[in-house]
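Participant: how would this look folded up:
(one chain, ligands or ions: 2)
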Amino acid sequence: MKTEILPLTDPAAEQRAETLLRDGQLVALPTETVYGLAGDSGSSKAVAGIFEAKARPRFNPLICHVDSMKMAREIAVFDALAEKLATAFWPGPLTLVLPLRAKTAVHPLATAGLDTVAVRMPHGVVARLAAKLTRPIVAPSANLSGRVTGTSAEAVARGLSGRIPLILDGGATPVGLESTIVRPAGDRLVLLRAGGIARDVLAEASGLAIEDPAAGAAIAAPGSLASHYAPTGRVRLDVRSIEPGEFVIAFGPDRPQGLENAAAIVNLSPAGDLAEAASNLFAALSAFDSADVEAIAVAPIPSTGLGEAINDRLRRAAAPR
Ligand code: TXA
Ligand code: MG
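Facilitator: Ligands and ions are numbered 1, 2, ... in the order given. Take a look at the predicted model:
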């Protein structure tokens, strides 16, 4: 299959995407977080196609992207806490895992047969396309399963070219990390995946202490497997001293020891700004994801604010495969 790449600024691009989606085909497109691989949530062809194109395990459910609270309420049950979070953060990088309604347009394969559904209201083109289809759009991150997440059309094309008909190019995605996933229930709020909205921001807005999933419970977000976001080379974390020939991901103004022997250096944020570092993280991992990069060394990154999500992604990138 030939993959077409159209800039979002091309007036025909969105129409082309809509036509493909209505036919159960897949379109990669930008959201504020990362690029998503979008399909019609009601089409078994589209949903099965997403698992196929990404080589994604079928037990790993997809996020439903909605254009409005009306569409969200058609698929999920909102309690007072869920309403409050949606009001505070939507549209934006927050995904809510909520009870799934009995009869919805969403195909059961998309929710992996669970009785909950992950819902998010994004900015921009995905929301507009959901409005046109009058149904949620399912979209996992637009990368091969287990590999580095795409935050640019070029990165998406490297993984999915030849597997999908269209990529909409909207430039680099502003947040750069996937959405934060939480499960609100009554007066408790469980963080299933750290992401574009930091824990302290959620705590402030909800007035609650944010809980972690119970240890030993079934994996909370089924996709949160240990090895993920993996470039080809080995990844070493919290590195203060560079080995000769390593490819270095630096952070902040401090110069790690031995930097003069590095093969290449990317600084996620020379000023030490975590939001800037988040937006550059996957591009850096992607730039170093090639057969001739054997070893990647990552400088220490504080785990405050967005640093929690950055370090989560880095730990998975470094995990044994
Ligand atoms: O920012 C994002 O969230 C991006 C953009 C494209 O929206 N999407 C994304 O999707 O990161 P994906 O498929 O890469 O990650 C979705 C995560 C997976 O870990 C999946 O297991 C989890 O959401 N998930 C989906 N439905 C769930 C549910 N009912 N309960 C718990 N976790 C769920
Ligand atoms: Mg993903």
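
Participant: got the residue ranges for the strands in the stretch 1-150 of the chain?
Facilitator: 4-7, 27-30, 35-40, 63-65, 94-99, 116-120, 137-138 (DSSP state E, counting those that start in this stretch).

Participant: Please tabulate the ones you listed in CSV and include mean pLDDT, distance to ligand 1 and mean neighbour count as additional columns.
Facilitator: The way it works is simple: take the backbone N, C-alpha and C, and place the C-beta from them, glycine included. Putting the strands of the stretch 1-150 of the chain into CSV (pLDDT from 0 to 100; distance: least, CB to the nearest ligand atom, whole Å; neighbours: other CB atoms under 10 Å) gives the following:
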stretch, mean pLDDT, distance to ligand 1, mean neighbour count
strand 4-7, 98, 18, 14
strand 27-30, 98, 9, 29
strand 35-40, 98, 3, 29
strand 63-65, 98, 5, 27
strand 94-99, 98, 4, 23
strand 116-120, 98, 3, 24
strand 137-138, 98, 9, 30
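
Participant: Export these to TSV and append columns for distance to residue 258.
Facilitator: Below are those laid out as TSV (distance: least, CB to CB, whole Å):
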stretch	distance to residue 258
strand 4-7	40
strand 27-30	37
strand 35-40	35
strand 63-65	41
strand 94-99	40
strand 116-120	42
strand 137-138	46
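
Participant: For the stretch 151-300 of the chain, give me the ranges with low pLDDT.
Facilitator: For the stretch 151-300 of the chain, applying pLDDT under 70 flags the ranges 216-225.

Participant: could you redo the last one with a cut-off of 80?
Facilitator: 215-227 (pLDDT under 80).

Participant: Which parts of it are helices?
Facilitator: For the stretch 151-300 of the chain, applying DSSP state H, counting those that start in this stretch gives helices covering 153-160, 199-206, 274-287.

Participant: And the strands of the stretch 1-150 of the chain: which comes nearest residue 307?
Facilitator: For residue 307, the closest of these is strand 94-99, at 18.0 Å, according to CB to CB.

Participant: Other residues contacting that closest one?
Facilitator: 63, 76-78, 82, 85-86, 115-120, 179-184, 192-193, 195-197, 202, 221 (CB atoms under 8 Å, 6 or more residues apart in numbering).

Participant: Can you check what angle separates that strand from helix 199-206?
Facilitator: 60 degrees (axes from the mean of the first three to the mean of the last three CA atoms, to 10 degrees).
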